[in-house]
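Undergrad: The sequence isn't on hand, but the structure is:
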Ligand code: DOR
């Protein structure tokens, strides 16, 4: 095993959650050794990480990267550059591209595109339609099945119990749900017709709409003992439900937006704050934080969903829902840690270790010998604002512009290769397809 890279003098997060001051050697794509001191062999590249913290690379388990078909918003190259800058070394991407990812052929085509364009590692959900059960059972490799129970249109909308139940009944792979009750949303859209202030978005797609869909998904998951993941949990009511009743085969995630933004954001940034499920109240922020701290919510996803400023500028309700997130999520959460809201080790667990465990991605989510060398070196001393002109996402904006954050990555490694180094990118690096042990 020939050492190819040596990171020296870092504050290293160990799998135990403790930190040591020491060195990490890398041989090819894997971590070789973690120790107080590792002597460099002749000719080996060394990185002096004094004063910086080394964490396992972020695995973002819910992103929309728009490629193929919607490349005017984002593509796998620009999105993965944003990932590299944000310390995200792997992502799980959603099927609402054009064509939709609902068959083995469309999944294969996306994997091929990613092998050509993505600087970081990738995995792709297979999208449920009312009629693709055979594809849902057999498509490979995939982290699981995505069901849009609401907030979608066209073939990906599976919004009745009659259509949803057979998906839970057949097969055993993970089902990830966007839980909003479409019937309630449609009825309330009528009720609130004529209002065009974006704040009404949170009233139309209210907490009850989210709760009803989460209740249905949970009921079906229990009926068939089916592995269920609840995407972007957004309300105090859903957190309360899971606190009472969460079988051990169910997981849930929350986004930084639902932790850190609320309906007050509409006044500040208008339709840029519009997403599905919508932003909620400060009370919801607080309850979601507590649920995360208590383990009721298992991990964090960004739901990176870029739209152009021109699209967002159309005005509600013509403006599309979604916000970008991959290049700000880690600094946002680490800034919270530095403010005492949680620990750095908890952030690494929620953004890497727990995700690898839930999706059964082998050899990721920890800094230990034999694990993949997907790593991020961060600076927890310097604060820098989120600046529009530095963003790598093609949409070119962030709901967090102006926020002064710490924990920005200085170096990101994918499979032992430096892909981002103090503002510079190595565009020749390509990520790898993720494997899923249960897939
Ligand atoms: O706000 C959202 N936008 N939520 C989703 O679930 C989909 C996404 C998109 O693709 O734009």
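TA: That came through, no problem. Owing to the predicted nature of the structure, the values given are computational and were not obtained by experimental measurement. Numbers count the residues shown, from 1 in each chain.
Undergrad: Name the residue of the stretch 251-400 of the chain that lies nearest to the ligand.
TA: Going by CB to the nearest ligand atom, the ligand is nearest to residue 322 of the stretch 251-400 of the chain, at 3.1 Å. Placement of C-beta: from N, CA and C, glycine included.
Undergrad: from memory that residue sits against residue 305, does it?
TA: Yes: at 2.7 Å, residue 322 and residue 305 qualify as touching, with contact defined as CB atoms under 8 Å.
Undergrad: Okay, buried residues for stretch 269-282 please.
TA: Buried residues in stretch 269-282, counted by 16 or more other CB atoms under 10 Å: 269-280.
Undergrad: Who are the contact partners of the residue of the stretch 251-400 of the chain closest to the ligand?
TA: Residue 322 is in contact with 64, 274-276, 303, 305-307, counting by CB atoms under 8 Å, 6 or more residues apart in numbering.
Undergrad: From the contact counts, what lies against the helix or strand where residue 122 lies?
TA: Assignment of secondary structure by DSSP states H and E places residue 122 within strand 121-124. On a contact count with 3 or more CB pairs under 8 Å, 6 or more residues apart in numbering; DSSP states H and E, strand 121-124 meets strand 88-93, helix 104-117.
Undergrad: most tightly surrounded among the ones you listed?
TA: strand 88-93 (a mean of 29; mean count of other CB atoms under 10 Å).
Undergrad: What strands line up against that one, and which way round?
TA: Neighbouring strands of strand 88-93 in its sheet, by DSSP bridges, are strand 58-63 (parallel), strand 121-124 (parallel).
Undergrad: Those strands: which one's closest to residue 257?
TA: With respect to residue 257, and counting by CB to CB, the nearest of the strands paired with strand 88-93 is strand 58-63 at 11.8 Å.
Undergrad: intersection of neighbour lists for residue 322 and residue 305?
TA: Taking CB under 8 Å, 6+ apart as the contact rule, residue 322 and residue 305 both touch 64, 275.
Undergrad: neighbours of residue 243, just the number please.
TA: 15 (other CB atoms under 10 Å).
Undergrad: Skipping its backbone neighbours, what lies nearest it in space?
TA: Nearest residue to residue 243, sequence neighbours excluded (CB to CB, 6 or more residues apart in numbering): residue 296, at 5.0 Å.
Undergrad: Confirm that that neighbour sits in a helix.
TA: No: using DSSP: H, G, I helix; E, B strand; the rest coil, the assignment for residue 296 is coil, not a helix.
Undergrad: The buried residues of stretch 269-282 also near the ligand: which ones?
TA: Subset of these in contact with the ligand: 275-276, counting by CB under 6 Å from any ligand atom.
Undergrad: nearest to residue 367, of the buried residues of stretch 269-282?
TA: Proximity of the buried residues of stretch 269-282 to residue 367 was ranked by CB to CB; the top entry is residue 275 with 32.6 Å.
Undergrad: List the residues that contact the residue in the stretch 51-200 of the chain positioned nearest to the ligand.
TA: Closest residue of the stretch 51-200 of the chain to the ligand, CB to the nearest ligand atom: residue 64 (4.0 Å). Listed by CB under 8 Å, 6+ apart, the contact partners of residue 64 are 74, 93-94, 96-97, 303-306, 322.
Undergrad: Select from those residues the one having the most neighbours.
TA: Neighbour-wise, these (other CB under 10 Å) top out at residue 304, 31 neighbours.
Undergrad: Isn't that one up against residue 63?
TA: Yes: if you go by CB under 8 Å, residue 304 and residue 63 touch, sitting 4.2 Å apart.
Undergrad: Return every residue with contacts to both of these two.
TA: By CB under 8 Å, 6+ apart, the residues touching both residue 304 and residue 63 are 79, 325-326.
Undergrad: Pull up the residues of the stretch 301-439 of the chain that are close to the ligand.
TA: Taking CB under 6 Å from any ligand atom, the part of the stretch 301-439 of the chain that reaches the ligand is made up of 303, 305, 320-322.
Undergrad: my read: residue 92 touches residue 65, true?
TA: No: with contact defined as CB under 8 Å, residue 92 does not reach residue 65; the gap is 10.4 Å.
Undergrad: Residue 315 reaches residue 271, doesn't it?
TA: Yes: with contacts counted by CB under 8 Å, residue 315 reaches residue 271, the gap being 7.0 Å.
Undergrad: Residue 431 and the ligand: what is the separation?
TA: From residue 431 over to the ligand the distance is 21 Å, taken as CB to the nearest ligand atom, to the nearest Å.
Undergrad: how about that residue, what does it touch?
TA: 80, 89-90, 114, 118-122, 414-415.
Undergrad: let's see it at 7 Å
TA: When contacts are counted by CB atoms under 7 Å, 6 or more residues apart in numbering, residue 431 touches 80, 118-122, 414.
Undergrad: Okay, it and residue 366: tell me how far apart.
TA: 19 Å (CB to CB, to the nearest Å).
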